[in-house]
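Novice: fold the following.
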Amino acid sequence: MAHRQLAVVLAIAASITALGCASRQVTSPTKTLTMTEILAATTADDWRPNSPDNTLYLEIPSGRVIMELAPNFAPRHVANIKALVAAKYFDGLAITRVQDNFVAQWGDAENARPTAPAARKLAPEFDRADSPDLPFTTLLDADGYAPTVGFSGGFPAARDGRTRRAWLTHCYATLGVGRDMAADSGSGTELYVVIGHAPRQLDRNVTVVGRVLRGVELLASLPRGTGAMGFYDPPSERIPIRSVRLASDLPSEARTPLEVLRTDTPSFQALIESRRNRPDEWYLHQSDHIDLCNVPIPVRDATAVALH
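Specialist: Residues are numbered from 1 along each chain as shown. All right, here's what the predicted structure looks like:
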């Protein structure tokens, strides 16, 4: 009898081990790793370099804000922004609006600077057709704004299987295109970054073109505008823009090479779980839930990694 019980115990143990090896989704009796521990265990394959062709440098007096563009979701607007940057459209303009818990916005407040060869108006790209080849890592937690949410190519995103549409979402550090009442009134001449609680009501009402990879704190810490909707009034309060450049237009020594944690890896899935149910001893209650915009997408200095 004892031998039979031992055999059963060993069989169960073997089954648990096999299941654990087959899928990282299976609950493990071992302690959930912290985000710091997960990142320390990543390999080079878990990271991707940011593309210089889709990286913008916004230079303001307090430093460099690095933004990654998303041509998979807004190809016409991204192309138009690149044309504006190539023409040095933003150089000498200013950050004109910083509204508390909302956005920092910049561009030509007087709408007087010529945009040619770039367009001043574009048809909106609030969403795009969903397709089997669109990379998408689904977040299983319920969302109040979309049927399905997750991550696509390193960007927080959403999709609707019924309409077969997909779009980028408004999380902290999202980069969007300002517009007036008309849907086609934005083209990238006015841009904004979310610096507060995620205003998800803007999803599919504004064209999202990317997100800040590094330096969002430089925008979030700017003085708040005292005019209506956070605009700087008087104009002398505006924050000057020294330049906006595409990384690929700069010599390599002037670039800031970064790496972004891929959102299609087991390491990223482990990171999600570490934030859904915090393993830190400080937490006495576990939520068993995480909001899309509360999932961090880590970025690291590629130069420091190379030195190691």
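
Novice: now the helices for the protein?
Specialist: Taking DSSP state H as the test, the helices found in the chain are 2-22, 35-40, 75-86, 216-220, 266-276, 302-307.

Novice: would you single out the least confident of those?
Specialist: Mean pLDDT is lowest for helix 2-22 among the helices of the chain, at a mean of 37.

Novice: for stretch 230-243, the distance to its chain's centre please.
Specialist: 25 Å (CA atoms, centre = their mean, to the nearest Å).

Novice: stretch 220-235 too?
Specialist: 25 Å.

Novice: could you list the low-pLDDT ranges of the stretch 201-308 of the chain?
Specialist: Scanning the stretch 201-308 of the chain for pLDDT under 70 picks out 305-308.

Novice: how distant is stretch 239-257 from the center of its chain?
Specialist: 20 Å.

Novice: next one: stretch 71-86
Specialist: Relative to the centre of its chain, stretch 71-86 is centred 17 Å away, using CA atoms, centre = their mean.

Novice: pull the residues that contact that stretch.
Specialist: 54, 56, 69-70, 90, 115, 117-119, 122-123, 125, 127-128, 134, 152-153, 155, 157, 166-168, 177, 186-189, 191, 207-210, 244-246, 249 (CB atoms under 8 Å, 6 or more residues apart in numbering). No exception for glycine: its C-beta is placed from N, CA and C like everyone else's.

Novice: just the buried residues of the residues you listed.
Specialist: 54, 56, 69-70, 90, 115, 118-119, 122, 125, 127-128, 152-153, 155, 157, 166-168, 177, 186-189, 191, 207-210, 244-246 (16 or more other CB atoms under 10 Å).

Novice: now the strands for the stretch 151-300 of the chain?
Specialist: 155-160, 165-168, 174-177, 191-194, 208-214, 239-240, 243-246, 258-261, 299-301 (DSSP state E, counting those that start in this stretch).

Novice: to residue 34, which of those lies closest?
Specialist: Proximity to residue 34 (CB to CB) singles out strand 258-261 among those, at 14.9 Å.

Novice: what helices or strands is the closest one leaning on?
Specialist: Strand 258-261 sits against strand 47-49, strand 208-214, helix 266-276, strand 299-301, helix 302-307, with contacts defined as 3 or more CB pairs under 8 Å, 6 or more residues apart in numbering; DSSP states H and E.

Novice: contact partners for residue 152?
Specialist: With CB under 8 Å, 6+ apart, residue 152 has these contacts: 72, 73, 134, 135, 136, 137, 166, 168, 263.

Novice: widest-spaced pair of those?
Specialist: Using CB to CB, these span at most 15.2 Å, a distance reached by 73 and 137.

Novice: more neighbours, these two?
Specialist: The neighbour count for residue 73 versus residue 137, taken as other CB atoms under 10 Å, is higher for residue 73 (24 against 17).

Novice: what's the spacing between the more buried one and residue 174?
Specialist: 12 Å (CB to CB, to the nearest Å).

Novice: likewise for residue 149?
Specialist: 14 Å.

Novice: which one of those two has more residues nearby?
Specialist: Counted by other CB under 10 Å, residue 149 and residue 174 do not tie: residue 174 has more neighbours, with 28 against 25.

Novice: my read is that that one contacts residue 157, right?
Specialist: No. Counting by CB atoms under 8 Å, residue 174 stays clear of residue 157, with 10.9 Å between them.

Novice: quick check: neighbours shared by those two?
Specialist: residue 168.

Novice: spatially nearest residue to residue 70, not counting backbone neighbours?
Specialist: Nearest residue to residue 70 in three dimensions, chain neighbours excluded: residue 210, at 4.8 Å (CB to CB, 6 or more residues apart in numbering).

Novice: what does residue 197 give?
Specialist: Nearest one to residue 197, counting by CB to CB, 6+ apart, is residue 101 at 5.8 Å.

Novice: ok, residue 118 next?
Specialist: In space, and not counting its chain neighbours, residue 118 is closest to residue 83: 3.9 Å by CB to CB, 6+ apart.

Novice: same check on residue 170?
Specialist: residue 202 (4.7 Å).

Novice: for residue 179, see how far away that neighbour is.
Specialist: 11 Å.

Novice: next: residue 108.
Specialist: Distance from residue 108 to residue 179, by CB to CB: 14 Å.

Novice: likewise residue 192?
Specialist: Taking CB to CB as the measure, residue 192 falls 10 Å from residue 179.

Novice: of these two, who's got more company?
Specialist: Comparing residue 192 with residue 179 by other CB under 10 Å, the one with more neighbours is residue 192, at 23 against 18.

Novice: what bridges to the more buried one?
Specialist: residue 105, residue 176 (DSSP bridges).

Novice: could I get the strands of the stretch 151-300 of the chain in a markdown table, plus columns for distance to residue 37?
Specialist: Output for those, formatted as a markdown table (distance: least, CB to CB, whole Å):
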| stretch | distance to residue 37 |
| --- | --- |
| strand 155-160 | 24 |
| strand 165-168 | 30 |
| strand 174-177 | 28 |
| strand 191-194 | 29 |
| strand 208-214 | 23 |
| strand 239-240 | 39 |
| strand 243-246 | 36 |
| strand 258-261 | 14 |
| strand 299-301 | 15 |
